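Trainee: Generate coordinates for the sequence data below:
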Amino acid sequence: MTENSLGVAVIGGGMAGRAHAAGYRMASTLFGTDRPDVRLVAIADTNKGVADDTAKRYGYERAEYSWQAIAEAQDIDVVSVVVANHLHREIVEGLLAAGKNVLCEKPLAGSLADAESMVAAAAASSGIASVGYTYRRSPAVQAIADELAAGRLGEIVHFDGRYRADYSLDPSGPITWRYRGGQGTGALADVGSHLIDLAEYVAGPIVEVRGAQFSTVVTERPVPVGVTYGHTKAETTGETAPVENEDIATFTAQFAGGFVGTFSASRVSHANPDGLSFDVFGTRGSASWALERAAEFHISTTDIDETVNGRRQVIIGPQHPYIQGGLPMDAGGVGHGKAEFFAYQARAFLDQVAGLTGLPPLPDFAHGLRGMQIVAAIAESAAANGTAVKI
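Mentor: Numbers count the residues shown, from 1 in each chain. Next up is the predicted model:
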């Protein structure tokens, strides 16, 4: 920290990197003015045009073109790492060695060995190291977690979660790092990791997985001429390369509470651009949430007369987590979306670095490693025709 302020940088100027950049930009407007000022210092990307554009668009002081420049900068305290999974370890360990506080996008790394090394590096560092599971910052998800923790839905009997996306359905989409790395690194690691984290966040630890099945629908993709970002089309060379991981993953899980969970993750679900959703059923009620209608959830309970009781819609308002002081118009029914989740995450991480409490802290690298261990167990189950694998 410099003169009661925190200097921020984002490494990676692509789609998710821009979400982090915007989140830090919004963070200084959230939850009062009794926090250190936020200095938007730098965006780093090896693509100069991307770095320059993202820095200018989101009001950062400068662009850099290597992660080393961020590690060496004396005016930077907090860094988000938002690059391809297999690049995480080198960058994160270099930043931690330089004394930076690091927020690494999920999944934590490209391999379990890399993740384990990163956990050790975090333990040896003076900085704070966290992993970005953004959907924990949903006011509706937190409200459901609070209802479950208070026991108002009774004992959980079933969790059912889906993450359906369509970004890989078009076979003309170019091959990128998202399609390399082996089974378990595709839809399961990319979108399913968010679903797994939400399941444990609201329903408790998973202790076993079984019945896993993977499917690859598009088996090869065109090779792009240059670097691509996000899920965009690109000029291609005329050659193709094999897809190494799964488009669809399904599995069941046993939770520590003794109940079962059913899960599916897909990146080839037509007309589902970002379809994360879940239902949780208890002995005295149920709750459900869908990202497509982020500012509401549904709930049923047994504390209302049965003649008028049923599954009912709850509109998020200032009586729910994050809203009061978390929106410019912090009134009921105003609405919010994914951009606010990134902003709440950024604010919470900045507060952690500043030693402030109040917002739920971000999960640490050990939790990120656990998420990868669950993914690895699911991949092991799929490779063994659905055999049960303990976590």
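
Trainee: per the record, what domains does the protein have?
Mentor: 5-135, 139-293+295-329+370-383 (automatic domain parsing).

Trainee: so which of those domains is the most packed in?
Mentor: Neighbour counts (mean count of other Cβ atoms under 10 Å) averaged over each of these peak at domain 5-135, with a mean of 21. For glycine as for every other residue, the C-beta is placed from the backbone atoms N, C-alpha and C.

Trainee: I'd like the average pLDDT over that one.
Mentor: Taken as a whole, domain 5-135 has a mean pLDDT of 97.

Trainee: Report the separation between the two terminal residues of that domain.
Mentor: Using Cα to Cα, to the nearest Å, the end-to-end distance of domain 5-135 comes to 27 Å.

Trainee: quick revisit: any chance of the domains of the chain in JSON lines, plus distance to residue 338?
Mentor: As requested, those are exported to JSON lines (distance: least, Cβ to Cβ, whole Å):
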{"stretch": "domain 5-135", "distance to residue 338": "7"}
{"stretch": "domain 139-293+295-329+370-383", "distance to residue 338": "7"}
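
Trainee: nearest to residue 347, of the ones you listed?
Mentor: Closest of those to residue 347 is domain 5-135, at 4.3 Å (criterion: Cβ to Cβ).

Trainee: Of the domains of the chain, which is nearest residue 343?
Mentor: Of these, nearest to residue 343 by Cβ to Cβ is domain 5-135, at 3.8 Å.

Trainee: now the closest one: how far from the chain's centre is it?
Mentor: Relative to its parent chain, domain 5-135 has a centroid offset of 14 Å by Cα atoms, centre = their mean, to the nearest Å.

Trainee: again with stretch 211-230
Mentor: 20 Å.

Trainee: So which of the domains of the chain is nearest residue 362?
Mentor: domain 5-135 (3.7 Å).

Trainee: Beyond the longest helix along the chain, next helix or strand please.
Mentor: Ordering each helix of the chain by length in residues (DSSP state H) puts helix 365-383 first. Counting by DSSP states H and E, the next helix or strand C-terminal to helix 365-383 is strand 389-390.

Trainee: If you count contacts, what does the longest helix of the chain end up packed against?
Mentor: With contacts defined as 3 or more Cβ pairs under 8 Å, 6 or more residues apart in numbering; DSSP states H and E, the packing partners of helix 365-383 are helix 112-124, strand 129-132, helix 193-203, strand 206-215, strand 248-255, strand 389-390.

Trainee: ok, back up a step: of the domains of the chain, which is nearest residue 363?
Mentor: domain 5-135 (5.4 Å).

Trainee: which one of the domains of the chain lies closest to residue 345?
Mentor: Here domain 5-135 is closest among the domains of the chain (Cβ to Cβ), at 5.5 Å.

Trainee: Look up the pLDDT of the residue located most distally from the centre of the chain for me, please.
Mentor: Of all residues in the chain, residue 307 has its C-alpha farthest from the mean position, at 40.5 Å, by Cα atoms, centre = their mean. pLDDT, residue 307: 82.

Trainee: and it, what is it in contact with?
Mentor: By Cβ atoms under 8 Å, 6 or more residues apart in numbering, the contact list for residue 307 is empty.

Trainee: Checking it next. Helix, strand or coil?
Mentor: Following DSSP: H, G, I helix; E, B strand; the rest coil, residue 307 is assigned to coil.

Trainee: what mean pLDDT does the strand or helix carrying residue 239 have?
Mentor: Taking DSSP H and E as the criterion, residue 239 maps to strand 236-242. Averaged across strand 236-242, pLDDT comes to 92.

Trainee: Just give the strands next to it in its sheet, each with its orientation.
Mentor: Taking DSSP bridges as the criterion, strand 236-242 forms sheet pairs with strand 220-224 (antiparallel).

Trainee: Please tell me how far residue 331 sits from residue 265.
Mentor: From residue 331 over to residue 265 the distance is 35 Å, taken as Cβ to Cβ, to the nearest Å.

Trainee: how close does the residue positioned nearest the centre of the chain get to residue 83?
Mentor: Centroid-nearest residue in the chain: residue 133, 3.2 Å away (criterion: Cα atoms, centre = their mean). Distance of residue 133 to residue 83, computed by Cβ to Cβ: 17 Å.

Trainee: now swap in residue 50 and tell me
Mentor: In terms of Cβ to Cβ, residue 50 sits 11 Å off from residue 83.

Trainee: List the contacts of the closest residue to residue 357 other than its chain neighbours.
Mentor: Spatially, and ignoring its direct neighbours in sequence, residue 357 is nearest to residue 351 (7.4 Å; Cβ to Cβ, 6 or more residues apart in numbering). The neighbours of residue 351, taking Cβ under 8 Å, 6+ apart as the test, are 35, 357-359.

Trainee: same thing with residue 69?
Mentor: 42, 44.

Trainee: what helix or strand is it on?
Mentor: If you go by DSSP H and E, residue 69 is part of helix 67-72.

Trainee: May I have that helix as PDB, with CA atoms only?
Mentor: Taking C-alpha atoms only, helix 67-72 is exported to PDB below (Å, rounded to 0.1, in the frame of the first residue of the first chain):
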ATOM      1  CA  TRP A  67       3.900 -10.100 -16.600                       C
ATOM      2  CA  GLN A  68       7.500  -9.400 -15.400                       C
ATOM      3  CA  ALA A  69       6.800  -5.700 -15.800                       C
ATOM      4  CA  ILE A  70       4.000  -6.000 -13.300                       C
ATOM      5  CA  ALA A  71       6.000  -8.000 -10.900                       C
ATOM      6  CA  GLU A  72       8.800  -5.400 -10.900                       C
END
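
Trainee: Start from the N-terminal end of the stretch 1-150 of the chain and give the strands.
Mentor: Counting by DSSP state E, counting those that start in this stretch, the stretch 1-150 of the chain has strands at residues 5-11, 37-44, 62-64, 78-81, 101-105, 129-132.

Trainee: if we can go back for a sec, turn the helices and strands packed on helix 365-383 into CSV, columns for distance to residue 326.
Mentor: CSV is the format used below for the helices and strands packed on helix 365-383 (distance: least, Cβ to Cβ, whole Å):
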stretch, distance to residue 326
helix 112-124, 28
strand 129-132, 18
helix 193-203, 19
strand 206-215, 30
strand 248-255, 30
strand 389-390, 39
